[in-house]
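S.K.: Provided below for reference: sequence and predicted model.
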Amino acid sequence: MQWTSFDPNTGNQQPYMDTNLIEEAFLADKSSIYLEKCFNATIYLTYPQYQTTPAVGSKPIGWRSVMRGTVGTNITIYWDTTMEKWTIYSDQYSHTKQLTIEAYKPTPVAWQWCDREYHASHHCGDKNWHNYSTEINAIIEDAYQTRIDHIDINVGLTGYRIRSFSGTYAIQENIKTGIVRMIRRSHILPASHCLPDELSDESCALCLESFSETLDFPIRKTQCGHYFHWTCLNSYKQHGHRCPMCRQNL
């Protein structure tokens with residue numbers, strides 16, 4: 001049997017990686033199971049099944065509908081007009097969506113940072129989360145697995161401290177400015193942006209890293225028409241407010 005949850009905003013299903021553990025708990029007549037590596041989720045196994053995740057920073061308590069079924073089975077989910085969420089069970093709904101239960105497909109683990117500051121990170125969608133580079137992802141994952149208190153990393157010209165690991169979340173703190181952002185352990189997302197053709201052979205003039213080799217670094221274009229890594233430009237602007245290429249005011 002496959003256990004799966006449903007995104008309350010989109011209705012998309014997300015099969016559980018730990019479906020065997022959930023099934024064992026269900027057959028043992030347990031009322032719930034806690035999954036630390038699934039965003040600290042608690043899955044309630046009695047009808048109607050659902051999942052909750054705790055509040056983290058400004059992110060509120062999460063809720064989503066859960067079901068158990070055979071892979072390939074067709075199901076109906078409902079847009080509940082009271083909760084304004086997609087759910088597998090509803091007495092008051094405005095429309096429905098037809099889905100087929102899917103098996104869990106392993107995907108590489110990725111650590112991602114939120115482009116909103118910590119106090120404003122609630123209600124973020126996938127568009128607000130960005131992958132770290134492969135190298136930095138491996139460093140953070142090693143710290144997560146070995147329960148290190150904190151690590152320091154460099155992204156472009158900027159130094160960050162990764163700390164306060166809590167389940168599948170942690171904090172990224174800019175060492176110079178003190179600005180904090182939430183990071184999470186999730187799965188590979190598409191690159192944060194599409195690289196313009198004119199930048200395919202260009203590099204950030206501040207850190208000298210090729211744009212084509214750092215696709216996960218957001219890029220910003222100045223008013224004078226020059227491109228830099230966002231994090232490098234922010235770090236540079238702490239010391240100067242003229243474009244390092246043409247000296248025009250930023």
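M.R.: Right, received. Where do you want to start?
S.K.: okay, now the domains of this protein?
M.R.: Here the domain parsing of the chain from automatic domain parsing is 2-100, 109-187, 191-250.
S.K.: and the second one, end to end?
M.R.: The first and last residues of domain 109-187 sit 5 Å apart, counting by CA to CA, to the nearest Å.
S.K.: which one of the domains of the chain has the lowest average pLDDT?
M.R.: Per-stretch mean pLDDT for the domains of the chain is lowest at domain 191-250 (a mean of 83).
S.K.: can you put the domains of the chain in TSV and add mean neighbour count?
M.R.: C-beta here means a position set from N, CA and C on the backbone, and glycine is covered the same way. As requested, these are exported to TSV (neighbours: other CB atoms under 10 Å):
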stretch	mean neighbour count
domain 2-100	16
domain 109-187	16
domain 191-250	15
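S.K.: what ranges does the chain have for its helices?
M.R.: 19-27, 134-146, 230-236 (DSSP state H).
S.K.: of all those, which lies closest to I61?
M.R.: helix 19-27 (20.3 Å; CB to CB).
S.K.: elements contacting the closest one?
M.R.: Identification of packing neighbours for helix 19-27 by 3 or more CB pairs under 8 Å, 6 or more residues apart in numbering; DSSP states H and E yields strand 2-6, strand 32-35, strand 62-69.
S.K.: for those, which one sits closest to F165?
M.R.: Closest approach to F165 among the helices and strands packed on helix 19-27 (CB to CB): strand 32-35, 16.1 Å.
S.K.: which strands border that closest one, and is each parallel or antiparallel?
M.R.: Here strand 32-35 has these sheet partners by DSSP bridges: strand 41-44 (antiparallel).
S.K.: now the partner strand: how far from the chain's centre is it?
M.R.: Relative to the chain's own centre, strand 41-44 is displaced by 19 Å; criterion: CA atoms, centre = their mean, to the nearest Å.
S.K.: hmm, who's touching it?
M.R.: The contact list for strand 41-44 (CB atoms under 8 Å, 6 or more residues apart in numbering) reads 3, 22, 31-35, 49-53, 62, 66.
S.K.: please apply the same query to stretch 64-82.
M.R.: Residues from elsewhere that reach stretch 64-82, judged by CB under 8 Å, 6+ apart: 1-8, 11, 22-23, 26, 43-44, 48-51, 85-90, 92-103.
S.K.: hmm, try it at 7 Å
M.R.: 1-8, 11, 26, 43, 49-51, 86-90, 92-103 (CB atoms under 7 Å, 6 or more residues apart in numbering).
S.K.: still on that earlier bit, want to throw the helices and strands packed on helix 19-27 into CSV with distance to R184?
M.R.: Below are those laid out as CSV (distance: least, CB to CB, whole Å):
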stretch, distance to R184
strand 2-6, 16
strand 32-35, 15
strand 62-69, 12
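S.K.: for the contacts of strand 41-44, which one is nearest T222?
M.R.: Nearest to T222, judged by CB to CB, of those is G62 at 38.6 Å.
S.K.: so what's the residue nearest to that closest one when sequence neighbours are not counted up against?
M.R.: Nearest residue to G62 in three dimensions, chain neighbours excluded: T53, at 3.8 Å (CB to CB, 6 or more residues apart in numbering). When contacts are counted by CB under 7 Å, 6+ apart, T53 touches 39-41, 61-62.
S.K.: separation between L199 and R220?
M.R.: From L199 across to R220, the span is 12 Å (CB to CB, to the nearest Å).
S.K.: re the thing from before, which one of the helices of the chain lies nearest to T177?
M.R.: Nearest to T177 among the helices of the chain is helix 230-236; the distance by CB to CB comes to 8.2 Å.
S.K.: what's the closest one packed up against?
M.R.: strand 158-166, strand 219-221 (3 or more CB pairs under 7 Å, 6 or more residues apart in numbering; DSSP states H and E).
S.K.: any chance of these in TSV, with distance to Y118 too?
M.R.: Output for the helices and strands packed on helix 230-236, formatted as TSV (distance: least, CB to CB, whole Å):
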stretch	distance to Y118
strand 158-166	10
strand 219-221	21
